[in-house]
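Peer 1: The following block contains a protein sequence and its predicted model.
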Amino acid sequence: MSNWVLETKALTRKFGKQIAVDAINLHVPKGSIYGLLGRNGAGKTTTLRMIMGLIKPTSGEVQFFGKSLPQNTQQVYQRVGAIIETPGFYQNLTASENLRILARLRGIHRPDAIQYALSRVGLDKEPQKIVAQYSLGMKQRLGIAAAIMHEPELLILDEPINGLDPIGIQEMRSFLIKLRTEKQVTIVISSHILDEIEHLADHIGVIHQGKLLEEITLTELRKRNRKYLEFQVSNQNKAALLIEQHFQISDYEVRENGVIRIYSHFGEEGQFNQTFVANGIEVTRITVSKDRLEDYFVNLIGGGSIG
Amino acid sequence: MVNLIYTELLKLKRSQMFLISIIGAATAPFVCFIAYLKAKSQQPDIPILFTEVFSQTNLFIDLLIGVSLYGVITAYLFNREYIENTMKNILTIPVSRTKFFISKLIMLFIWIIGMTLAAWLLTVIFGLIGQFEGISLATSMLALKEYLIGGILLFLLSTPTILVTLLFKNYVSTIVFTLVLTMVNVLIVQSEYIALYPWSAVQVIATKSFIPEYPPEYSYISILATSIIGLVAALVYFQKEDIH
């Protein structure tokens, strides 16, 4: 039995001679929020469409809960909710009528399922309003309601914050985190916005030009890219002692060749320097790093901005 | 399948297309009614018979209005799932593409038969208002039978229109396609080829006005072959197409 809720094996899609998705191996752990990050046109949506069976892979395999598609489609899709790009609804129907269609086709018989889903996304206040009168943000929320109505174990969201205002983005973010925390729903979210992924995901897959460049946990990524003050000193041990005793700092790292990194107290490099010198430690270099997460991704995908 | 058909019906709630289709269905009976009223006012001594009104209205539906009107409805039923981006919601539930396709066909059949019945009923009502002569249960039922045969055959011939809709995913292509079909109808209505061309053979079969040169089998085969080829092509295409 696989440990992954969702896994792809060398998933590939070609359109003529163009390779849109090139042998992607995704691994989504249970209970995680997995961010699929990449520029527009990187292959995120094509990957998600293949995962959801909307387009057929040229080669490769998709597995949900350890079971392969398309043999187990009927069984596994019952456990999955998805929004691929803009969620679509029948414009002449109300939110609950739209959900009734999906509930009926999903075989959901719980009478409160629609009300539950609408109330979770705050769309239960205007039951008579037809979808044509909805704002883009409301449609996105209705998309979420449709995706969670059957209480899926895995939620796949393709660019869910597109078109949302800042408050809507904040609400969506809180909602997804709550969903993961309270219902233990695994979430896959694609975005071209680094900030969004950074705020939500605990696992990140970086996709560029159809290739999955890296899969990494956010903890590892932050560790690799944390902001720090770096000092090159003549006596590492003495400097470390001062950092702990004088400044009461435990979040620091002693590296090779007299280098010490401190991951807090930014802007206080002058005081550190003064203290080191006053205690007979020679300081040969002080470096203040920037928050490098964005630079990291820009370098990873070969320049330009993420968006 | 029952659920799919139920949802197809629910999708039509508040739909303007439903109203438009009823207006479309009323066009042939209304136009014929006005034409006969005019004839009656010009020559009051010549009685206007119900059999003639039924026949002319049916001719109007089968050869002129039916193909385009049912084509628009076909396009609406299939195309709206692409335009409103709902196809991907349905297919990721998951719903089998074949079942989904068949449910659309059933819905189209119900709709076409509904419009056929509406057209027949309106012909009767207009005829009674216009005080046309010779109505009886037998003539009405015979006309209903001819209307229904026409409706069923036009439904069978909707499969190439479905294919065009799936291929181009817009209303314009479908409308142009059905207009071309109708224009050919007009072109050959007076010739013996009326029995061979599928969309005009509908009228030939519905009214049993077969042409001596071509036995009835030719008309039946023409319609069935077109329908089956259209169905297979549309279904295969729908099964294989990527949903974007």
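Peer 2: Thanks, I have the structure now. Numbers count the residues shown, from 1 in each chain, chains lettered A, B, ... in the order given.
Peer 1: What residues does chain B have near chain A?
Peer 2: B:3-4, B:6-7, B:10-11, B:13-16, B:80, B:84-95, B:240, B:242-244 (C-beta under 8 Å from any C-beta of the partner chain). All C-beta spots, glycine's among them, are computed from the backbone N, C-alpha and C.
Peer 1: Helices - which of those residues land there?
Peer 2: Among these, DSSP state H puts B:3-4, B:6-7, B:10, B:16, B:80, B:87-91, B:240 in helices.
Peer 1: What is the lowest-pLDDT residue among these?
Peer 2: Among these, residue B:3 has the lowest pLDDT, at 85.
Peer 1: Can you tell me the closest non-neighbouring residue to it?
Peer 2: Leaving aside its sequence neighbours, residue B:3 sits nearest to residue A:104 (C-beta to C-beta, 6 or more residues apart in numbering or on different chains; 4.9 Å).
Peer 1: so that neighbour sits in a strand?
Peer 2: No - per DSSP: H, G, I helix; E, B strand; the rest coil, residue A:104 lies outside any strand segment and is helix.
Peer 1: Surely it is in contact with residue B:5?
Peer 2: No - using C-beta atoms under 8 Å, residue A:104 makes no contact with residue B:5, being 10.5 Å away.
Peer 1: What remains of the residues of chain B next to chain A if I keep only buried residues?
Peer 2: Buried subset of these (neighbour count, 16 or more other C-beta atoms under 10 Å in any protein chain shown): B:3-4, B:7, B:11, B:15, B:80, B:84-95, B:243.
Peer 1: Only C-alpha atoms, please: export stretch B:40-55 in CSV.
Peer 2: Once non-C-alpha atoms are left out, stretch B:40-55 reads as follows in CSV (Å, rounded to 0.1, in the frame of the first residue of the first chain):
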residue,chain,number,x,y,z
LYS,B,40,-60.2,32.6,-46.8
SER,B,41,-60.6,36.3,-46.8
GLN,B,42,-59.8,36.4,-50.5
GLN,B,43,-61.9,33.4,-51.5
PRO,B,44,-64.6,32.9,-48.8
ASP,B,45,-66.5,30.3,-50.9
ILE,B,46,-63.6,27.8,-51.0
PRO,B,47,-63.6,25.8,-47.7
ILE,B,48,-60.3,25.3,-45.9
LEU,B,49,-59.9,21.7,-44.8
PHE,B,50,-58.1,20.6,-41.7
THR,B,51,-56.4,17.8,-43.6
GLU,B,52,-54.8,20.4,-45.8
VAL,B,53,-53.8,22.6,-42.9
PHE,B,54,-52.3,19.7,-41.0
SER,B,55,-50.4,18.6,-44.1
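Peer 1: Which secondary structure state does residue A:23 sit in?
Peer 2: What three-state DSSP gives for residue A:23 is strand.
Peer 1: how many other residues sit next to it?
Peer 2: Counted with other C-beta atoms under 10 Å in any protein chain shown, the neighbours of residue A:23 add up to 15.
Peer 1: next one: residue A:215
Peer 2: As a burial measure, residue A:215 scores 17 neighbours (other C-beta under 10 Å).
Peer 1: Can you tell me the centre-most residue of chain A?
Peer 2: In chain A, the C-alpha nearest the mean C-alpha coordinate belongs to residue A:35, at 2.3 Å (C-alpha atoms, centre = their mean).
Peer 1: need the next SSE after the helix or strand that one falls within, C-terminal direction.
Peer 2: Here residue A:35, judged by DSSP states H and E, is contained in strand A:33-37. Counting by DSSP H and E, the next helix or strand C-terminal to strand A:33-37 is helix A:44-51.
Peer 1: contact partners of that following helix?
Peer 2: A:6, A:8, A:11, A:13, A:20-21, A:24, A:26, A:36, A:38, A:55-57, A:62, A:82, A:84-85, A:156, A:158-159, A:188, A:190, A:192, A:207, A:210, B:88, B:242-244 (C-beta atoms under 8 Å, 6 or more residues apart in numbering or on different chains).
Peer 1: Buried among those? Make that a PyMOL selection.
Peer 2: To isolate the buried ones among these in PyMOL, judged by 16+ other C-beta under 10 Å, type:
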select buried, (chain A and resi 6+8+11+13+20+21+24+26+36+38+55+57+62+82+84+85+156+158+159+188+190+192+207+210) or (chain B and resi 88+243)
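Peer 1: How about the secondary structure of residue A:20?
Peer 2: Following three-state DSSP, the label given to residue A:20 is strand.
Peer 1: Need the per-residue pLDDT for it.
Peer 2: pLDDT recorded at residue A:20 is 93.
Peer 1: quick one, what contacts it?
Peer 2: Taking C-beta under 8 Å, 6+ apart as the contact definition, residue A:20 lies against A:13, A:14, A:43, A:46, A:210.
Peer 1: ok, now how distant is the fourth one from residue B:82?
Peer 2: If I follow you right, that is residue A:46. In this view, residue A:46 and residue B:82 are 18 Å apart by C-beta to C-beta, to the nearest Å.
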